[in-house]
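In: pasted the sequence and its predicted model underneath.
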Amino acid sequence: MSTFAGLKASLDLLILRDCGIEGCEESTDSTNKKYMYLIPFTQQAKIPSLLQTLEFKFPEIFFDLEMNSLEDAYVNIARAEEKMHYERNP
């Protein structure tokens, strides 16, 4: 059996490249115990197919789905602004 961390490259290929979901990206909140990916709202119709494929190819992994709240959006905007500020003023 492969380790969870050892499956990361395969998961990334499937989710970020092969699933056909445009604009999908890994979340900056990902950890080595929980990988998180952001899928644009406009691509939500493709999520059931992606989950089915993931569960078939990686039966040893538990997959979870959650929708970002408006609060999450504000936090992400603040982080992006803070990052831009530090990049401009090191």
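Out: Right, received. Where do you want to start? Numbering: from 1, shown residues only.
In: what about the chain, any weak spots by pLDDT?
Out: 1-2 (pLDDT under 70).
In: quick check: longest helix in it by residues?
Out: Longest among the helix segments of the chain by residue count, using DSSP state H, is helix 70-88.
In: contacts for that one, please.
Out: Residues outside helix 70-88 that contact it (C-beta atoms under 8 Å, 6 or more residues apart in numbering): 28, 68. For glycine as for every other residue, the C-beta is placed from the backbone atoms N, C-alpha and C.
In: mind running it again at 10 Å?
Out: Identification of contacts with helix 70-88 by C-beta atoms under 10 Å, 6 or more residues apart in numbering yields 27, 28, 29, 38, 66, 68, 69.
In: only C-alpha atoms, please: export it in PDB.
Out: The C-alpha trace of helix 70-88 is given here as PDB (Å, rounded to 0.1, in the frame of the first residue of the first chain):
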ATOM      1  CA  LEU A  70     -18.100  34.200   2.100                       C
ATOM      2  CA  GLU A  71     -15.800  34.500   5.200                       C
ATOM      3  CA  ASP A  72     -13.200  32.200   3.500                       C
ATOM      4  CA  ALA A  73     -13.300  34.500   0.400                       C
ATOM      5  CA  TYR A  74     -12.600  37.600   2.500                       C
ATOM      6  CA  VAL A  75      -9.700  35.800   4.300                       C
ATOM      7  CA  ASN A  76      -8.300  34.800   0.900                       C
ATOM      8  CA  ILE A  77      -8.600  38.300  -0.400                       C
ATOM      9  CA  ALA A  78      -6.800  39.700   2.700                       C
ATOM     10  CA  ARG A  79      -4.000  37.100   2.300                       C
ATOM     11  CA  ALA A  80      -3.500  38.000  -1.300                       C
ATOM     12  CA  GLU A  81      -3.400  41.700  -0.600                       C
ATOM     13  CA  GLU A  82      -0.900  41.100   2.300                       C
ATOM     14  CA  LYS A  83       1.300  39.000   0.000                       C
ATOM     15  CA  MET A  84       1.200  41.700  -2.700                       C
ATOM     16  CA  HIS A  85       2.100  44.400  -0.100                       C
ATOM     17  CA  TYR A  86       5.200  42.400   1.100                       C
ATOM     18  CA  GLU A  87       6.300  41.600  -2.500                       C
ATOM     19  CA  ARG A  88       6.300  45.300  -3.300                       C
END
